[in-house]
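Student: Show me how the following folds:
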Amino acid sequence: MPHKKVHRDTADCAASNSSRGPPVRFWQRPSSPAPRLGDTNFRYKDISPTGNEIRLLRILPETTSTIKCELLHTSLDDPSNYTAISYAWGDTDDTRTILLDGREFPVTLSLMLALQRLRSRSQPIVVWTDAICINQGNINERNLQVQGMTKVYSTATTVAIWLGPEAENSEMAVELLHELYQSRESPARISEMIKSTTRIPHFKALTALFDRDYWRRLWVVQEVINARNINVYCENDEVPWDICTAVSALLRQHKPDLIRAYLSEQETISKSRRNWEDVLSDGGPGGLRDLKYQESGSAGLLDVLLYH
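Tutor: Predicted structure coming up:
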């Protein structure tokens, strides 16, 4: 698709060499008080009330640790290529500052890490994210833009699901995801992996990954159901959505094996206190089944989601 014309609010440019941003890492809470969301002298340029115009965020190439961005305007009728970010806001009191058109702009730590993960060292990256691309201080605009959220995500070239930084051995979870996917044609191999005691740490890690707060957001369904392409990001790992949904389906098929394998453990997930086998078979992408039923009661839409 050729690059479409977009209009900037103001100007701020940067350049760099190399192709990928630095490793995502935890950022400690700053010693000075964190700025409150909305506490900025940045001023939005109004968008059309028709609902077809949106703002996009251009993440400039990395030159310093500070994330620098530019705000653009475009129409959903003839949009430029962009990635829509799907994420959990996280603690709204735990904020960091980015530069938006040269002005300080507070965002949650969760969003800052997502922007850092997607940032390139060699070229600008254009994304859409609700916390910045919608003027959260303008209720009328916010309500109007929320109504068009489905189109924003379905029009995006890619939807980037941000699960957050590494935690609870998430690297092991991603490793297991790929291994299970590669063994998807061999039920015997899957059962063997589930029953192996050496795999317990890996399944613990996958349980934690599938039980993250992100999967409990009702908005997730709206954001991923009509997406053209989806990638899941956790720290520096990137997993295609097809792998996640395929593994989720595999684990549902092998739920009896999961129950037998971990019955003696009797371990629970600290946040939800659900059993391992429940989280592995019904958490993560699989858990979106229940959200879809709550929202529409439609098995047809469910099938589209699970086997996207």
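Student: How are the helices of this structure distributed by residue range?
Tutor: 109-118, 130-133, 139-147, 149-155, 170-182, 187-195, 200-210, 219-224, 241-253, 255-262, 276-282, 284-296, 299-306 (DSSP state H).
Student: Export these as CSV, with columns for mean pLDDT.
Tutor: Formatted as CSV, the helices of the chain follow (pLDDT from 0 to 100):
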stretch, mean pLDDT
helix 109-118, 97
helix 130-133, 96
helix 139-147, 91
helix 149-155, 94
helix 170-182, 97
helix 187-195, 92
helix 200-210, 89
helix 219-224, 86
helix 241-253, 89
helix 255-262, 77
helix 276-282, 57
helix 284-296, 48
helix 299-306, 31
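Student: What separation do you get for Leu209 and Arg252?
Tutor: Distance from Leu209 to Arg252, counting by C-beta to C-beta, to the nearest Å: 16 Å. C-beta here means a position set from N, CA and C on the backbone, and glycine is covered the same way.
Student: Kindly report the same for Ala160.
Tutor: 25 Å.
Student: the more surrounded of the two?
Tutor: Using other C-beta atoms under 10 Å as the criterion, Ala160 and Arg252 rank with Ala160 on top: 24 against 15.
Student: what's across from that one in the sheet?
Tutor: On the basis of DSSP bridges, Ala160 is bridged to Ile85, Asn231.
Student: which residues touch it?
Tutor: When the contact criterion is C-beta atoms under 8 Å, 6 or more residues apart in numbering, the partners of Ala160 are Thr83, Ala84, Ile85, Ser86, Ala114, Leu118, Val127, Ile230, Asn231, Tyr233.
Student: Name the residues that touch stretch 81-93?
Tutor: 1, 3-4, 34, 36-37, 56, 108-111, 114, 118, 125-129, 131, 152-153, 156-162, 164, 212-214, 217, 219-220, 223-224, 227.
Student: domains for this structure, by residue range?
Tutor: Domains of the chain are assigned by automatic domain parsing as 7-164, 170-213+240-306.
Student: What's the end-to-end length of stretch 114-127?
Tutor: One end of stretch 114-127 sits 11 Å from the other (C-alpha to C-alpha, to the nearest Å).
Student: again with stretch 160-177
Tutor: By C-alpha to C-alpha, the extent of stretch 160-177 from end to end equals 18 Å.
Student: What are the buried residues along that stretch?
Tutor: Residues 160-166, 169-170, 172-174, 176-177 are the ones in stretch 160-177 that count as buried (16 or more other C-beta atoms under 10 Å).
Student: which stretches of the stretch 1-150 of the chain have low pLDDT?
Tutor: Filtered on pLDDT under 70, the stretch 1-150 of the chain yields the residue ranges 1-32, 51.
Student: try 50
Tutor: Filtered on pLDDT under 50, the stretch 1-150 of the chain yields the residue ranges 1-28.
Student: and Asn72, how far is that from Leu218?
Tutor: Slight slip there: residue 72 is Leu, not Asn. Leu72 is 29 Å from Leu218, by C-beta to C-beta.
Student: neighbour-wise, which of those two wins?
Tutor: Comparing Leu72 with Leu218 by other C-beta under 10 Å, the one with more neighbours is Leu72, at 20 against 11.
Student: The more buried one and Pro285: what is the separation?
Tutor: Computed as C-beta to C-beta, the Leu72 to Pro285 distance reads 31 Å.
Student: Give me the residues contacting stretch 183-196.
Tutor: So stretch 183-196 is contacted by 179-180, 199, 203, 246-247, 250, 253-254, 257-258, 260-261 (C-beta under 8 Å, 6+ apart).
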